[in-house]
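Enquirer: build me a model:
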Amino acid sequence: MNIDGRPPVTVIGLGAMGKALAGAFLDNGHPTTVWNRTAGKGGELAERGATEAATAAGAIAASPLVVVCVLDDAAVRDILSAPAASEALAGRTLVNLTNGTPRQARELARWVSAQGADYLDGGIMAVPPMIGRPGSLVLCSGSPRAFAAHERTLSATGTVSYLGEDAGRAALYDIALLSAMYGMFGGFLQAVALAGSEKVPATEFTPMVVSWLNAMITGLPNMAKAYDTNDHSATVSNLEMQATGFVNLLETGRDQGIGTELLEPMGALLHRGVAAGRGGDGLSALIDLLRTDPAKGSDAGSNDLGSE
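Expert: All right, here's what the predicted structure looks like:
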């Protein structure tokens, strides 16, 4: 049912996330057309009121707003580069919620613009069951006109945060946030493995991990300020002290029969910071050591959607 004349939406890609997105649009009263490269995935959505298109071109033509959420950038390219699909894009807004890189987003934005369509790139900071709920966050960047026109529709998926006109900005935030997440998960895996080497149950140990990490997270804003202001003065524990103590993390892992591959890069970075004369600084000084200063214009890729 179309509630209050809400505009139609097309969702291309019916994996777990695509189905969740289409379901959220349906729940909010948007006439929803769906399409998937492998047939037969739209049945449940069709029972809820969605229209299952026979072709990608037909799905694109059905709605002014087309949301794509497929496996990767190569799949996006494969679907959209088909002549009928690319021709159908004219006059529409394409929102690409496929996980990808800033470079890929900028290349796709240029190509979509050349087809006569507007482009928004997005990063979904949620798992499928969260879509449409208060905890769901969808990052968007790209055409300001397109975002203004479709913000209300996109908000059916959760809280939508617009990061500006640069189409690559949402992917940058997405990958950066995932990097922080995987760093935390890696530390947790190491901690549980280490405690488990003495038969400490993970469920017994984990509440202490959560409490400890929550306490440490409170220091991140100060580290961010130190980086932005280039004032890396150590107020508590400098790099030299931490590099010295970090050796014990590696030695204990080896003694307990636990691999140290998750920790070794951090240990090497600490020692590199000391060797670079930054031993008296705080952890924020290590951020500079991670910068490789890539050649300017690295995001300037081919406008040919079919190129790799």
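
Enquirer: I'd like the mean pLDDT over stretch 20-27, please.
Expert: Averaging pLDDT along stretch 20-27 yields 98.

Enquirer: now do the buried residues in that stretch.
Expert: Neighbour-count burial for stretch 20-27 flags A20, L21, A22, G23, A24, F25, L26 (criterion: 16 or more other C-beta atoms under 10 Å). Using the backbone N, CA and C atoms, a C-beta is placed for each residue, glycine as well.

Enquirer: mind checking which of the residues you listed land in strands?
Expert: Among the buried residues of stretch 20-27, the subset assigned to strands under DSSP state E is empty.

Enquirer: sort out for me which of these are in helices.
Expert: A20, L21, A22, G23, A24, F25, L26 (DSSP state H).

Enquirer: tell me how far the third one lies from R48.
Expert: Yep, that's A22 we're talking about. 9 Å (C-beta to C-beta, to the nearest Å).

Enquirer: can you give me the helices in the stretch 1-150 of the chain?
Expert: 16-27, 43-47, 56-61, 73-80, 83-88, 102-114, 144-154 (DSSP state H, counting those that start in this stretch).

Enquirer: of the ones you listed, which is nearest A195?
Expert: helix 16-27 (32.4 Å; C-beta to C-beta).

Enquirer: what is that closest one packed up against?
Expert: strand 9-12, strand 32-35, helix 43-47 (3 or more C-beta pairs under 8 Å, 6 or more residues apart in numbering; DSSP states H and E).

Enquirer: try it again with 6 Å
Expert: strand 9-12, strand 32-35 (3 or more C-beta pairs under 6 Å, 6 or more residues apart in numbering; DSSP states H and E).

Enquirer: per-residue confidence at F147?
Expert: pLDDT, read off for F147, is 98.

Enquirer: what segments of the stretch 51-200 of the chain are strands?
Expert: 51-52, 65-68, 93-96, 118-125, 137-142, 159-162 (DSSP state E, counting those that start in this stretch).

Enquirer: what's the most buried one of those?
Expert: strand 93-96 (a mean of 27; mean count of other C-beta atoms under 10 Å).

Enquirer: tell me, how many residues neighbour L45?
Expert: 23 (other C-beta atoms under 10 Å).

Enquirer: my read: it touches L21, true?
Expert: No: with contact defined as C-beta atoms under 6 Å, L45 and L21 do not form a contacting pair (10.3 Å).

Enquirer: and of the strands of the stretch 51-200 of the chain, who's closest to N248?
Expert: Using C-beta to C-beta, the strands of the stretch 51-200 of the chain put strand 118-125 closest to N248, at 35.0 Å.

Enquirer: so for the closest one, mean pLDDT?
Expert: 98.

Enquirer: who does it pair up with?
Expert: Sheet pairing of strand 118-125 (DSSP bridges) gives strand 93-96 (parallel), strand 137-142 (antiparallel).

Enquirer: what average pLDDT does the first one get?
Expert: Going back to what we said before, that points to strand 93-96. Averaging pLDDT residue by residue across strand 93-96 gives 98.

Enquirer: and the contacts of that strand?
Expert: The contact list for strand 93-96 (C-beta atoms under 6 Å, 6 or more residues apart in numbering) reads 65-68, 112, 117-122, 146, 150.

Enquirer: rerun that using 8 Å as the cut-off
Expert: 64-68, 76, 80, 105, 108, 112, 117-122, 140, 143, 146, 149-150, 154 (C-beta atoms under 8 Å, 6 or more residues apart in numbering).

Enquirer: domain ranges for the chain?
Expert: 3-165, 173-290 (automatic domain parsing).

Enquirer: just say which of these is most tucked in.
Expert: domain 3-165 (a mean of 20).

Enquirer: Serialize the strands of the stretch 51-200 of the chain to a markdown table and add fields for distance to P7.
Expert: Formatted as a markdown table, the strands of the stretch 51-200 of the chain follow (distance: least, C-beta to C-beta, whole Å):
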| stretch | distance to P7 |
| --- | --- |
| strand 51-52 | 14 |
| strand 65-68 | 7 |
| strand 93-96 | 11 |
| strand 118-125 | 14 |
| strand 137-142 | 17 |
| strand 159-162 | 15 |
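
Enquirer: between the ones you listed, which one is closest to L239.
Expert: strand 118-125 (31.3 Å).

Enquirer: low pLDDT regions in this structure?
Expert: 1-4, 294-308 (pLDDT under 70).
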